[in-house]
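Engineer: Sharing a model that was predicted from the sequence below.
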Amino acid sequence: MTEVSLRERVKEPPSAALVESYYRPALERSRPTVFPHEMWAHLAHGLMLERQGILAPGVLPPILRCVLDLAAQGPDSVPVDYRQEDLYSYVERRIVAELGPDIGGRLHTGRSRNDLNATTWRMLLRERVLAGLEALSALRTRLLDMAEAHVGTVMPGYTHWQHAQPVTFGYWLLAAADVLARDHTRLTASLRHTNLCPLGAGALTTTAFPLDRAMVAELLGFDAPMEVAYDAVSSHDDALEAVGAMALLMTFLSRLATDLIAWSTWEYGFIEPADRHSAVSSIMPQKKNPAALEHVRAAAGMVQGALAAALGSTKNTPFADVNDAVTAVNEPVLDAALRTTRVLVLAEEVFAGLSLRADRMAEAARLGFGSATELADVIVREAGLSFRMAHNVVAGVVSDALERGISADAIRSADLDRSAEAHFGRALRIREEAVRQALDPAENIRTRTVQGGPAPGNMAAMIAARRAGLAADQDALRAVALRLEQARTDCFAAARRRVTTNSP
């Protein structure tokens, strides 16, 4: 017998409907993505089996040679007929076909498809999360660079889509960068929880073979073994945590895109996306549509859907190795990871390509009564009214100005007096210069020196602190990526050395 089977307990091949709905799509997804990680895992497991004396001398070299050849040839070197449910089944069949069942069948000693598949999944997920973190790092860098460049670019700040208080475009960008820094923390936490090695857990209770799980974890670049075997093959909350962090990130990117889309309209005219990120109308010659930004919002909904799909697949499943909780979630999570990384790359491009109309932004801030809060504060400081009384006075002034059709910068001290006398029977006699400064959006911003405010000095200090935090995050990312690269290099090198030597 030169072939082994994993269908001993069933007498019929899988139905055509099962193949088309489950086996074929799963294999088509896993062959290009899981295959390289599985080859790496086979080498690590084999090296450990020999060092632990579980494989007799001379058994391992032909196995390693076969796996190294498969790794070099790629997934197309492993024929599939869709009669088995996962990639490993075909890889084992290919190894056995070349080495025979006695030699080829020994690589699976002390493990299950449960722990092997959980391991290769985590290897793939950490790769995808790292790619997302690298793209996120580039976007954070872009936003901080732009924040520094636009510390003085005055614009209206909005609440409820209404003029609120003057801000700068740099301040908006800095706030966005802070949210993305927290997204980085969430994704990094998911990476840390993902980078634990299930291999050696077996089906759910480890094995009586004297495995060295720490050795395998090190060879595969994991931080440590995932200790409790039952947890290692049953939980899969690594996938849920990662897709949850991605959904939060993408939801925020959608909010940024919504602001930028609004600000690019004729009515606002604050910004214009680059032509390379825009589309046109087939009938309306004047149109320049924000296609890239609309795509960001659509993709955010898809990632939210992936989170819902992953949670829905897991809900009401037993805490055990079952396909719907431990395998089905992989597809939406991988889709979300790929989509998130692509959108992060696109978002960085979009921000880099924006054209700003600073004059239009400043004019909107000047006309929009966003300085009314500071005017009330001036009344408190200059005339000694309580803030609520000052609020009443300024509200009356704004209402009167709107009825008269005058802009905020046309308000004078006499307007305050009329409102104050109508409300409280007394004039305020605020200095005209104090009124003028209160109504100047740029002056408003310069006075916001409380911690976290948009004053230029504050911004310089906050941006410097964020750059330092980003640099630390980037260093940590590079360390993880280098460690994984080195672990793979070392594992393959050890396997090649073993193939060419006569002793372990």
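Structural biologist: Received, thanks. Everything quoted here is computed from the prediction, not taken from an experiment. Residues are numbered from 1 along each chain as shown.

Engineer: what sits against the residue nearest to Ala310 when sequence neighbours are not counted?
Structural biologist: Leaving aside its chain neighbours, Ala310 sits nearest to Val329 (4.3 Å; criterion: Cβ to Cβ, 6 or more residues apart in numbering). C-beta here means a position set from N, CA and C on the backbone, and glycine is covered the same way. Applying Cβ atoms under 8 Å, 6 or more residues apart in numbering, one finds that Val329 lies in contact with His236, Ala239, Leu240, Val243, Ala309, Ala310, Ser313, Thr314.

Engineer: Contacts only, for Ala494.
Structural biologist: Under the criterion of Cβ under 8 Å, 6+ apart, the neighbours of Ala494 are Leu43, Leu47, Leu219.

Engineer: That one and Gly46, how far apart?
Structural biologist: In this structure, Ala494 lies at 10 Å from Gly46, with Cβ to Cβ, to the nearest Å as the measure.

Engineer: chain center to stretch 353-360: distance?
Structural biologist: Taking Cα atoms, centre = their mean, to the nearest Å, one finds the center of stretch 353-360 at 28 Å from the center of the full chain.

Engineer: and that stretch, average pLDDT?
Structural biologist: For stretch 353-360, mean pLDDT is 98.

Engineer: how about that stretch: buried residues?
Structural biologist: Residues of stretch 353-360 classed as buried under the neighbour-count rule (16 or more other Cβ atoms under 10 Å) are Leu354, Leu356, Arg357, Ala358.

Engineer: Run a quick neighbour tally on the nearest residue to the first one once chain neighbours are set aside.
Structural biologist: Looking back up the chat, that one is Leu354. Closest residue to Leu354 in three dimensions, ignoring its sequence neighbours and counting by Cβ to Cβ, 6+ apart: Ile271, at 5.3 Å. Here the count is done by other Cβ atoms under 10 Å, and Ile271 has 22 residues near it.

Engineer: repeat for His108
Structural biologist: Neighbour count of His108, defined by other Cβ under 10 Å: 18.

Engineer: Am I right that it falls within a helix?
Structural biologist: No. Judged by DSSP: H, G, I helix; E, B strand; the rest coil, His108 forms no part of a helix; its state is coil.

Engineer: so what's it closest to, chain neighbours aside?
Structural biologist: Computed as Cβ to Cβ, 6+ apart, the closest residue to His108 that is not its neighbour in sequence is Glu92, at 6.4 Å.

Engineer: okay, the one you found: pLDDT?
Structural biologist: In this prediction, Glu92 carries a pLDDT score of 95.

Engineer: Gly368 too?
Structural biologist: Confidence for Gly368, expressed as pLDDT, is 86.

Engineer: number of nearby residues for the nearest residue in space to it that is not next to it in sequence?
Structural biologist: Among residues not flanking Gly368 along the chain, His163 sits closest, at 3.7 Å (Cβ to Cβ, 6+ apart). Here the count is done by other Cβ under 10 Å, and His163 has 19 residues near it.

Engineer: What residues of stretch 242-251 count as buried?
Structural biologist: By neighbour count, and taking 16+ other Cβ under 10 Å as the criterion, the buried residues in stretch 242-251 are Ala242, Val243, Gly244, Ala245, Met246, Ala247, Leu248, Leu249, Met250, Thr251.

Engineer: Only alpha carbons, please: show it as CSV.
Structural biologist: Taking only C-alpha atoms (Å, rounded to 0.1, in the frame of the first residue of the first chain), the coordinates of stretch 242-251 have been written out as CSV:
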residue,chain,number,x,y,z
ALA,A,242,-8.3,40.7,15.1
VAL,A,243,-11.4,41.3,13.0
GLY,A,244,-13.0,43.3,15.9
ALA,A,245,-9.9,45.6,15.9
MET,A,246,-10.1,45.9,12.1
ALA,A,247,-13.8,46.7,12.2
LEU,A,248,-13.1,49.5,14.7
LEU,A,249,-10.3,50.9,12.5
MET,A,250,-12.3,50.8,9.3
THR,A,251,-15.3,52.4,11.0
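
Engineer: got the phi/psi numbers for the residue nearest to Leu354?
Structural biologist: Backbone dihedrals for Ile271, given as degrees, to the nearest 10, come out at phi -140, psi 170.
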